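Undergrad: Sequence first, predicted coordinates after that:
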Amino acid sequence: MLENLDALLLARIQFAFTVSFHFFFPAFSIGLASYLAVLEALWLKTGKSVYHDLFKYWIKIFAIAFAMGVVSGIVMSYQFGTNWSVFSDKAGPVIGPLMAYEVLTAFFLEAGFLGVMLFGMEKVGKKLHFAATLMVALGTFVSAFWILSVNSWMQTPTGYEIGANGQFLPGPSWWDIVFNPSFPYRLVHTVMAAYLTTAFVVGAVGAWHLLKDRANPHARTMFSMAMWMAAIVTPLQIFAGDMHGLNTLEHQPAKVMAMEGHYQSHPDGAPLILFGIPDSDAKTIRYAIEIPKASSLILKHDLNAPLAGLDTIPDDQEPPVGMLFWSFRIMVGIGFAMLGIGLWSLWGRARGRLFDMPWLHRAAVLMGPSGFAAVLAGWITTEVGRQPYVIYGLLRTADAASPLDAPAVAASLLAFILVYFAVFGIGVWYILKLMGKAPHAGEHGIEYSDVGPIRTAGITPGPTQNPGGETLPSAKPEKEPA
C-alpha cells in the first residue's frame, strides 16, 4: 500500500510520474511546431495545396498536445511548493529567475501568437499567419532552452555562491549559471530528440495510411518528409549523444560508471558491457556480454585508457545502477533502431520504391511511439544518474524534501494517477482518433467557422478568403514527392 511507503520515496515517485507524463507532450509539440512551420513555408513557396492540407491536418493534433502539455506542466510548481519546499527555499534564488525568464519569453511568445496560428489562417494575411507560426515554434524552443538550463544547472552547478543561511545565490555573472558546463550538450541532445519523436510519429501516421492506400499523396508527402528526418537527424543525434556522454564523464563520472555497469576500475582498458544483470550487492554484472576494451575506446578514444569504477565512489554516493544500466541501453537501442529505419528508407528511396515497401511501412508504424520511449529512457538516465543528489554534489535529495507525512503524499499521488490517466488518457485517445483519419484534399483545420451559430445551424461556409482577397487554394493532384 502507498501509505506504508516512505514519504521521501512517495514524493520522488509522484514527481517522476507527473514529469514523465508532462515530458511526452513538449517532446512532441516542440517538433510538431517546427514541422507546421516547414509545411506552411513550403505551401507559401510552392503553392502546392498538399502542404496546406497537411498543415490543417496536423494543427488540430498540435492544439490538443500543446494544451495537454501546458496543463500537465502546471503541476510541477505545485510539487515544488508542497513536496520539495526545502529545495525551493535553498535553490529558489537561482532557479526561480530562470523559470521566470521562461514565462517572460517563451510563454508570452506562445500565448501571444498561438491564437493567430490556430484560428487566423482566414483572418490575417499569409505572411502574418506564417510569422505567427514561426513565433510559436520559436516559443517552444525558447521554453526548452530555459527549462533545460535549470535542469542542467542542477546537474552541473556553476556561477553560484552559498549565502549565510545555506541558500544558493547567483554569483557575479548570470551567464555562468545559464550556460553551465552540461547545458549546451543537453539542449542539443534534447531538442533533436524532440524532432525525432515528432518525425517518427508523422512517419508512422503516413505509413499507416500508405498501407491502406499507397496512392494517397498526403500520406506519401508526410512519410517522405519524416524519413528524410530519420535519415539525416538520427546520425547527428547519435554524435550529439556521444559528445554529451563525454561531457557527463568529465562532470558526473559516477553516472557514467553506473550507465556502463563498471563496478570495478579497469586500469588497462574497460570493456563495453552490452547486456547483463547488474548485482549491486555483489558489485558485478552477472551473465555479462561484453566487448573487451571498447568502453575505453568510446569514452577515451584509446583502447588501453584506464577507466575508474564505482569502487572509487563511496556507497552512499552511488546512483542506482540497475535502473541506469537498462534505461541507458533502451535509449541507445532505440536510437540505433531509428538509424536502421532511416537507412532502410534511403535504400528504398534510391531504388524509387519508398512508397512501395509495405514491410518498411509496417516497421515505421511500430516505431511510431519509439521517440517517446527514448526520451523517457533518456530522462530516467539523466535524473536517476544524479542521485543521491538533487543539486549534484551539493544538496542531497533526502535533504530537499518537505517534512510531510507519508499518507498526505500518498493521497495526492493517488489523486494524480487517477486524474492523469482519465484526463490525458482521453486526450491521447482523441489524438489517435484524429491520426486514424486519412488526410485528404481540402483538409478541414481549426477555424472560427467551426463554432458558433454557423456550425450549429448546419450551414457549410463557402470559399474563404484572406484579407488580400485571395481564395485559399484548393487541393489538386500534385507531383508525387521524391
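TA: Great, that's in hand.
Undergrad: quick one, strands of the stretch 151-300 of the chain?
TA: Along the stretch 151-300 of the chain, counting by DSSP state E, counting those that start in this stretch, strands occupy 160-162, 168-170, 272-279, 284-291.
Undergrad: contacts for the third one?
TA: So the one you mean is strand 272-279. 260-262, 285-291, 294-295, 297-298, 321-322, 325, 329 (C-beta atoms under 8 Å, 6 or more residues apart in numbering). C-beta coordinates here come from the backbone N, C-alpha and C atoms, glycine included.
Undergrad: State the mean pLDDT of it.
TA: Mean per-residue pLDDT for strand 272-279: 91.
Undergrad: do the same with the first one
TA: On average, the pLDDT along strand 160-162 is 91.
Undergrad: D176 contacts G159, doesn't it?
TA: Yes - at 2.9 Å, D176 and G159 qualify as touching, with contact defined as C-beta atoms under 8 Å.
Undergrad: ends of stretch 165-185, how far apart?
TA: Start-to-end span of stretch 165-185 (C-alpha to C-alpha, to the nearest Å) is 33 Å.
Undergrad: Determine the number of other residues adjacent to L187.
TA: By the criterion of other C-beta atoms under 10 Å, L187 has 21 neighbours.
Undergrad: my guess is it contacts L148, does it?
TA: Yes - counting by C-beta under 8 Å, L187 does reach L148; the two are 5.1 Å apart.
Undergrad: still on that earlier bit, redo the strands of the stretch 151-300 of the chain as TSV? Include mean neighbour count and distance to T221.
TA: Below are the strands of the stretch 151-300 of the chain laid out as TSV (neighbours: other C-beta atoms under 10 Å; distance: least, C-beta to C-beta, whole Å):
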stretch	mean neighbour count	distance to T221
strand 160-162	14	49
strand 168-170	16	48
strand 272-279	16	39
strand 284-291	13	42
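Undergrad: nearest to A408, of these?
TA: Closest approach to A408 among those is made by strand 168-170 (27.1 Å; C-beta to C-beta).
Undergrad: can you tell me the average pLDDT over that closest one?
TA: Across strand 168-170, pLDDT averages out at 92.
Undergrad: What is it packed up against?
TA: helix 85-102, strand 160-162 (3 or more C-beta pairs under 8 Å, 6 or more residues apart in numbering; DSSP states H and E).
Undergrad: any chance of these in JSON lines, plus distance to V124?
TA: Listed next are the helices and strands packed on strand 168-170 as JSON lines, based on distance: least, C-beta to C-beta, whole Å:
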{"stretch": "helix 85-102", "distance to V124": "27"}
{"stretch": "strand 160-162", "distance to V124": "45"}
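Undergrad: Give the residue spans of the stretch 1-150 of the chain that score low on pLDDT.
TA: Within the stretch 1-150 of the chain, the set of residues satisfying pLDDT under 70 comprises 1-4.
Undergrad: Next: the stretch 301-450 of the chain.
TA: Along the stretch 301-450 of the chain, the model assigns pLDDT under 70 to residues 442-450.
Undergrad: Going along the chain, name the strands of it.
TA: Along the stretch 301-450 of the chain, counting by DSSP E, counting those that start in this stretch, strands occupy 389-391, 395-396.
Undergrad: So what touches the last one?
TA: Pointing back at strand 395-396 there. F87, K90, A91, P388, Y389, V390.
Undergrad: residues touching the first one, list them.
TA: Applying C-beta under 8 Å, 6+ apart, one finds that F87 lies in contact with F80, V390, L395, A400, A401.
Undergrad: Looking at the residues you listed, which two lie furthest apart in space?
TA: Taking C-beta to C-beta, the two most distant members of the contacts of F87 are F80 and L395; they sit 14.0 Å apart.
Undergrad: The top helix by length along the chain - contacts with which helices or strands?
TA: Secondary structure of the chain per DSSP state H: the longest helix is helix 7-46. Packed against helix 7-46 by the contact rule (3+ C-beta pairs under 8 Å, 6+ apart) you find helix 49-82, helix 126-155, helix 183-212, helix 370-384, helix 406-436.
Undergrad: any chance of these in CSV, plus distance to F107?
TA: Output for these, formatted as CSV (distance: least, C-beta to C-beta, whole Å):
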stretch, distance to F107
helix 49-82, 9
helix 126-155, 7
helix 183-212, 18
helix 370-384, 22
helix 406-436, 21
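Undergrad: out of those helices, which comes closest to L346?
TA: When the helices and strands packed on helix 7-46 are compared by C-beta to C-beta, helix 183-212 sits nearest L346, at 13.5 Å.
Undergrad: and the angle for that closest one with helix 49-82?
TA: Orientation note: helix 183-212 sits at an angle of 130 degrees relative to helix 49-82 (axes from the mean of the first three to the mean of the last three C-alpha atoms, to 10 degrees).
Undergrad: Look up the closest residue to N216, ignoring the ones flanking it.
TA: Distances taken as C-beta to C-beta, 6 or more residues apart in numbering put H209 closest to N216, at 5.5 Å, once the chain neighbours are dropped.
Undergrad: quick one: buried residues of stretch 66-82?
TA: Across stretch 66-82, burial judged by 16 or more other C-beta atoms under 10 Å covers F66, M68, G69, V70, S72, G73, V75, Q79, F80, T82.
Undergrad: now swap in stretch 309-318 and tell me
TA: Buried residues in stretch 309-318 (16+ other C-beta under 10 Å): G309, L310, I313, E318.
Undergrad: Then stretch 387-400?
TA: Neighbour counts over stretch 387-400 (16+ other C-beta under 10 Å) mark Q387, Y389, V390, I391, Y392, L395, T397, A400 as buried.
Undergrad: Check stretch 42-62 too.
TA: 42-43, 48-62.
Undergrad: Count the neighbours of W326 for me.
TA: By the criterion of other C-beta under 10 Å, W326 has 18 neighbours.
Undergrad: Help me confirm that T397 comes into contact with R12.
TA: Yes - assessed by C-beta under 8 Å, T397 is found in contact with R12 at 7.0 Å.
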